[in-house]
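**Q** Give me a 3D structure for the following:
(one chain, ligands or ions: 1)
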Amino acid sequence: METYEDIVARYFSKEEIQSVQNMHSHLIVTLSVTTEKQEKADQLKNELLQLPNTERVSIIFTKQRQNPLFDKWQIKGVKKIIGVASGKGGVGKSTTAVNLALALANLGQKVALFDADIYGPSIPTMLSFENTPPVSYDGKTFEPFENFGIKAMSIGSLIDQNTALIWRGSKACSAIEQLLTQTNWSDVDTMVIDMPPGTGDIQITLAQKLKFDGIAIVSTPQDIALIDAIKGINMFAKMGIKILGLIQNMSYYICPHCNEKAYLFGENGAKNTAAQMGVKFLGDIPIDINVRQNADEGTPIIAKLPDSPTTKAYEEIAQKISNLL
Ligand code: ADP
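**A** Take a look at the predicted model:
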């Protein structure tokens, strides 16, 4: 004759069965499974109820169902992910992300750059793959672009900017998820993500869904940019993400005639803010016409002018970030 245990074992594995108890014709089966196995459990219950001397059957599920809201996106082929974020637009976040990605590659890392800036994807212009649709060999996954020694993909390659702007948060996030997880990255040491500016729903979702190893915040030295940078730092820190530090962009301008440094937006604003907030100051990048010109022409300054002082500034920041990973 089959025992209760034998019957339960026909439905569930040894690891899944925690206990089978008979308490005065009340059979209690405790299973280490989630309610996803409800149908199977109902079949078992029906069979057990047919047995003589079994008046009641209770099946207890002890395993918690994972909440899909907390699942992280799986990006295959990528070891580390860092975000480049800013509190507001126009402070040079994307330009910094591109040049940092190239500088990390110069340090010997295999680097990928992902442009998640749904409000103004500018990486295709800066890396010369604008108006080029991504290649897909199987109709399901995309090949990343490869330029200047790094792999890259942009949300701007999937959708045009007008569409992106009218999309609500969840739609924008699923487009970012699709592109990130369905691009054939492989053998990437560090992925740099150019985040959308600000601290809204999209940024929060990205912070929840991506396994960030750290986030660097870019700001100009003015107070109003810094107020937003502080909001960004607080938001990411509250979500448990490591703040790599603050980068001060457009710190000063070197007069081409007298070589004097002019602090157009004030001096040391980001440095002081970093000190007040207890985050690292990662470095200064000057206002350099070559940064803008080369970005617009599709060759980042690091690739175009490898010996310029601004290139060196990006490289020093990349080295500091690399040491923190
Ligand atoms: P964000 O991503 O924060 O919106 P961008 O990276 O698109 O900002 O930069 C805004 C503009 O400022 C671009 O035209 C860019 O070329 C220019 N820019 C950024 N950093 C510098 C810099 N250090 N020197 C000169 N121009 C810069």
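
**Q** the strands in the stretch 51-200 of the chain, which residues?
**A** Assigned by DSSP state E, counting those that start in this stretch, the stretch 51-200 of the chain shows strands spanning 56-61, 78-86, 111-115, 145-147, 150-154, 188-194.

**Q** Go through stretch 115-124 and flag the buried ones.
**A** Applying a neighbour-count criterion of 16 or more other Cβ atoms under 10 Å, the buried positions in stretch 115-124 are D115, A116, D117, I118, G120, P121, S122, I123, P124. In short, each C-beta sits where N, CA and C put it, glycine included.

**Q** Look up phi and psi at the fourth one.
**A** Same thing as I118. Backbone torsions of I118, given as degrees, to the nearest 10, read phi -60, psi -30.

**Q** so it sits right up against P197, yeah?
**A** No: between I118 and P197 there is no contact, the gap being 10.1 Å when judged by Cβ atoms under 8 Å.

**Q** which other helices and strands contact the biggest strand by length in the chain?
**A** Secondary structure of the chain per DSSP state E: the longest strand is strand 243-254. Counting contacts by 3 or more Cβ pairs under 8 Å, 6 or more residues apart in numbering; DSSP states H and E, strand 243-254 is packed against helix 93-106, strand 214-219, helix 223-238, strand 261-262, helix 269-277, strand 281-287, helix 309-324.

**Q** Could you tell me the angle between the third one and helix 269-277?
**A** When you say that, I think you mean helix 223-238. 40 degrees (axes from the mean of the first three to the mean of the last three Cα atoms, to 10 degrees).

**Q** Could you do the first one as well?
**A** What separates the directions of helix 93-106 and helix 269-277 is an angle of 80 degrees, with the same axes, to 10 degrees.

**Q** Could you export helix 93-106 as PDB, keeping only the C-alpha atoms?
**A** As requested, the backbone C-alpha atoms of helix 93-106 are provided in PDB (Å, rounded to 0.1, in the frame of the first residue of the first chain):
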ATOM      1  CA  LYS A  93      27.000  64.400 -19.100                       C
ATOM      2  CA  SER A  94      27.000  62.700 -22.500                       C
ATOM      3  CA  THR A  95      30.300  64.200 -23.600                       C
ATOM      4  CA  THR A  96      31.800  63.100 -20.300                       C
ATOM      5  CA  ALA A  97      30.400  59.600 -20.700                       C
ATOM      6  CA  VAL A  98      31.800  59.200 -24.200                       C
ATOM      7  CA  ASN A  99      35.300  60.500 -23.300                       C
ATOM      8  CA  LEU A 100      35.400  58.400 -20.100                       C
ATOM      9  CA  ALA A 101      34.500  55.300 -22.100                       C
ATOM     10  CA  LEU A 102      37.400  56.000 -24.500                       C
ATOM     11  CA  ALA A 103      39.700  56.800 -21.600                       C
ATOM     12  CA  LEU A 104      38.800  53.500 -19.800                       C
ATOM     13  CA  ALA A 105      39.500  51.700 -23.100                       C
ATOM     14  CA  ASN A 106      42.900  53.400 -23.200                       C
END
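
**Q** is it up against the ligand anywhere?
**A** Yes: with Cβ under 6 Å from any ligand atom as the measure, helix 93-106 is seen reaching the ligand through K93, S94, T95.

**Q** residues from this protein in reach of the ligand?
**A** Residues of the chain lying near the ligand (Cβ under 6 Å from any ligand atom): 86, 89-95, 120, 122, 197, 249-250, 285, 287-288, 291-292, 295.

**Q** could you redo the last one with a cut-off of 8 Å?
**A** 86, 88-98, 117, 120, 122, 194, 197, 218, 249-250, 285-293, 295-296, 310 (Cβ under 8 Å from any ligand atom).

**Q** So how do I select the buried members of those residues in PyMOL?
**A** Buried subset of the residues of the chain next to the ligand, written as a PyMOL selection, criterion 16+ other Cβ under 10 Å:
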select buried, resi 86+88+91+92+93+94+95+96+97+98+117+120+122+194+197+218+249+250+285+286+287+288+291+295+310
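
**Q** the inter-axis angle of the one helix or strand A41 maps to versus strand 56-61?
**A** In the assignment (DSSP states H and E), A41 maps to helix 38-49. In terms of direction (the same axes, to 10 degrees), helix 38-49 departs from strand 56-61 by 150 degrees.

**Q** And for helix 38-49, what's in contact with it?
**A** By Cβ atoms under 8 Å, 6 or more residues apart in numbering, the residues outside helix 38-49 that reach it are 4, 7-8, 11-12, 27, 29, 31, 33, 54, 57, 59, 61.
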